[in-house]
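**Student:** Mind folding the following:
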Amino acid sequence: MQHTSRAIPDVDEAQPVSEGDWKSAITDVAPNEIRVRGYRLDELMGRIDFGQAVYLLLRGDLPDDGVGRLMTAMLVSSIDHGVTPPSVLGARNAASTGASLSASVASGVLSINRFHGGAVEDCARVLGEVVAGAAASPASSGADGPALESSARAVVASCRQRGVRIAGFGHRVHTADPRTDRLFKLADEAAVSGAHCRACRLVEAELERQSGRGLPINVDGALAAVLGDLGFEIELMNSVFIIARTAGLIAHAREERIRQRPMRRIDPAACAYDGPGPRALCR
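**Tutor:** Take a look at the predicted model:
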C-alpha cells in the first residue's frame, strides 16, 4: 500500500508517495477506489449485510451465508437492553449535559468494561479452559464426549473453590434469556456449533449440579461459545458487543436530548416504557 510522505505539502504541491514505514492490511484507498480486505467497497454494497462486513473487517475473509446470518444475529442480540445498563446511563447523562451525539455515545462506550459487556471475554476464557482440559486428557481423542464433561466438572469445581463467579450464566432480569436458544439454533444451522458450544451447555449443567440452583446461559455466554467455535480471538470478542450496543446508545442519547430536560437526575427505576406494543414480525 502506498502512503503520502511525512512532509506536509503545500496545497498546490504534488504529494510524493512512498512505501511507508508501517503497514496496514485492512483497507487500501486509491483515487476512485476503496478496497476492504481486498474487496471493492462499492461492490460489497448491496451484496453483503452488515454482519458479513463486520466479520470481513475483524477476520479478514468473507463468511459464507450461514455464518454471515449468524454474525448479524449476534449483533442484533446486543443492540439494546433498556435504560438500566451503565453504558446507557453514561450516554444519557452525557446527553443531559448538552454533550454532542458523538461525545454522548463515547461516554456510553467508555462504560463498557469488565463488569458490563466484558462477560463475553471472561466466559470465553472459562470455556477455553474446559476445551483445553478435555483435549489434554489422556483418555480423550479430542475435546469432546466424557473428557469434555470431566473437564467442565473440574473447571466449575475449581472456580467455586476459589470463589470465582463464572461470567455468562444467570441474569438479573431473565430466568431464561430469550436470545440464547436463538443464537445456538442459528449456530447449528450454520454448522458452527462445536466444542465451545458443548462446553457452555456442560458448564451450565455443572453449575446447577454443584450449586443446587439454576444459572442458565445468558446472551454473553452464548456469544462467547459461538465466537469461540468461529475461531475469534478472545481479546476481540467484546468488539461484537461494542459494535452492536453503539446503535442503542445513539438511540438513547438522541431520545434523552429530545424528550428530557437538561441536567436531570436520571433514575432508571423510574422509567416507564411508552413505545409500541408487541408487534409480529412478518418476514
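**Student:** Which element, helix or strand, includes Gly82?
**Tutor:** Assessed by DSSP states H and E, Gly82 sits outside every helix and strand.
**Student:** dump the residue contacts of it.
**Tutor:** Applying Cβ atoms under 8 Å, 6 or more residues apart in numbering to Gly82 gives the contacts 88, 268, 271. Glycine gets a C-beta too; all of them are placed from N, C-alpha and C.
**Student:** nearest residue to the first one other than its sequence neighbours?
**Tutor:** Nearest-residue entry for Val88: His252, 5.0 Å, with adjacent residues in sequence omitted and distances by Cβ to Cβ, 6 or more residues apart in numbering.
**Student:** try the last one
**Tutor:** If the residues on either side of it in the chain are set aside, Cys271 comes closest to Val83, at 4.8 Å by Cβ to Cβ, 6+ apart.
**Student:** Phi and psi next, for that neighbour.
**Tutor:** The phi/psi pair for Val83 (degrees, to the nearest 10) reads phi -90, psi -10.
**Student:** cool, Ile48 as well?
**Tutor:** Torsion angles, degrees, to the nearest 10, at Ile48: phi -130, psi 160.
**Student:** list the contacts for it?
**Tutor:** Applying Cβ under 8 Å, 6+ apart, the residues contacting Ile48 are 56, 62, 68.
**Student:** How much space separates it from Ala195?
**Tutor:** Separation of Ile48 from Ala195 (Cβ to Cβ, to the nearest Å): 28 Å.
**Student:** pull the CA atoms of stretch 155-165 into CSV?
**Tutor:** Extracted as CSV, the C-alpha positions of stretch 155-165 are listed here (Å, rounded to 0.1, in the frame of the first residue of the first chain):
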residue,chain,number,x,y,z
VAL,A,155,-13.2,-26.2,36.0
VAL,A,156,-16.5,-25.4,37.7
ALA,A,157,-15.4,-27.0,40.9
SER,A,158,-12.1,-25.0,40.8
CYS,A,159,-13.9,-21.8,40.2
ARG,A,160,-16.3,-22.4,43.1
GLN,A,161,-13.5,-23.4,45.4
ARG,A,162,-11.7,-20.1,44.6
GLY,A,163,-14.8,-18.1,44.9
VAL,A,164,-14.7,-17.1,41.2
ARG,A,165,-18.0,-16.3,39.6
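**Student:** separation between Gly66 and His116?
**Tutor:** 30 Å.
**Student:** where's the residue nearest to Val88, which helix or strand?
**Tutor:** In this assignment (DSSP H and E), His252 forms part of helix 238-259.
**Student:** Please enumerate residues in contact with that helix?
**Tutor:** Applying Cβ under 8 Å, 6+ apart, the set of residues contacting helix 238-259 is 54, 58, 74-81, 83, 87-88, 91-92, 94-96, 101, 104-105, 108-109, 112, 117-118, 120-121, 220, 223, 227.
**Student:** buried residues in that helix?
**Tutor:** 238-241, 243-250, 252-253, 256-257 (16 or more other Cβ atoms under 10 Å).
**Student:** other SSEs contacting the helix or strand where Arg201 lies?
**Tutor:** Using DSSP H and E, Arg201 sits in helix 195-211. Judged by 3 or more Cβ pairs under 8 Å, 6 or more residues apart in numbering; DSSP states H and E, helix 195-211 is in contact with helix 119-135, helix 145-162, helix 219-230.
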